[in-house]
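In: my questions are about this predicted structure, shown below with the sequence.
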Amino acid sequence: MTGLVVTAAVFAAGLVIGLVLRGREGKVRSGKQRAGLPAPVAESLGPGVTLVQISTTFCAPCRHTRARLSALAERQEGLRHVDIDVTNQPEVAHALGVLRTPTTIAYTASGTEIVRVSGLPE
């Protein structure tokens with residue numbers, strides 16, 4: 001009986017965590033200010049707004065995000081899209097507080113974070 005209760009509790013906890021994470025998928029959140037940007041990010045900033053996409057090699061949603069953001073940047077003057085693959089440089093993701101890919105962060109030319117989207121943008 002104890003095993004059944006433990007199994008039910010673990011299942012319920014997993015369900016709640018899954019629902020919370022799914023609710024955050026693709027949602028825009030306000031930016032957070034961090035002390036200093038990692039070099040790959042700081043070097044990629046241009047005039048206007050830069051959409052920095054944090055990706056990994058085997059991330060399927062990253063490809064869809066890349067296509068959407070590249071198309072948006074082509075249509076919108078003053079908007080730039082940069083994709084940074086953190087597969088071999090996890091310290092960049094850690095410094096930015098990125099826990100999953102794709103994560104897209106919009107920065108001003110001075111490096112101020114405007115907004116952040118975790119997952120495929122809606």
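Out: Cool, got the structure. Remember, it's a predicted structure, so these values are computed and weren't measured experimentally.
In: show me where this protein has strands.
Out: With DSSP state E as the criterion, the chain has strands at 28-30, 49-55, 79-85, 103-107, 113-118.
In: rank those by pLDDT, which is bottom?
Out: Of all the strands of the chain, strand 28-30 carries the lowest average pLDDT, namely a mean of 54.
In: once you drop chain neighbours, what's closest to the spatially most central residue of the chain?
Out: Centroid-nearest residue in the chain: Thr103, 1.1 Å away (criterion: CA atoms, centre = their mean). Excluding its sequence neighbours, the residue lying closest to Thr103 (CB to CB, 6 or more residues apart in numbering) is Ile54, at 4.6 Å. Quick note: C-beta positions are derived from backbone N, CA and C, even for glycine.
In: cool, Val41 as well?
Out: Nearest to Val41 is Val52, by CB to CB, 6+ apart, at 5.7 Å.
In: identify whichever of the strands of the chain lies nearest to Ala42.
Out: Closest of the strands of the chain to Ala42 is strand 103-107, at 9.2 Å (criterion: CB to CB).
In: give me the contacts around that closest one.
Out: Defining contact as CB atoms under 8 Å, 6 or more residues apart in numbering, one finds that strand 103-107 is touched by 31, 37, 41, 45, 49-54, 65, 69, 96, 113-119, 121.
In: related to what we said a few turns ago, make JSON lines out of the strands of the chain and add distance to Ala73.
Out: JSON lines is the format used below for the strands of the chain (distance: least, CB to CB, whole Å):
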{"stretch": "strand 28-30", "distance to Ala73": "17"}
{"stretch": "strand 49-55", "distance to Ala73": "7"}
{"stretch": "strand 79-85", "distance to Ala73": "4"}
{"stretch": "strand 103-107", "distance to Ala73": "11"}
{"stretch": "strand 113-118", "distance to Ala73": "15"}
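In: of the contacts of strand 103-107, buried ones?
Out: Buried members of those, counted by 16 or more other CB atoms under 10 Å: 37, 41, 45, 49-54, 65, 69, 96, 113, 116-119, 121.
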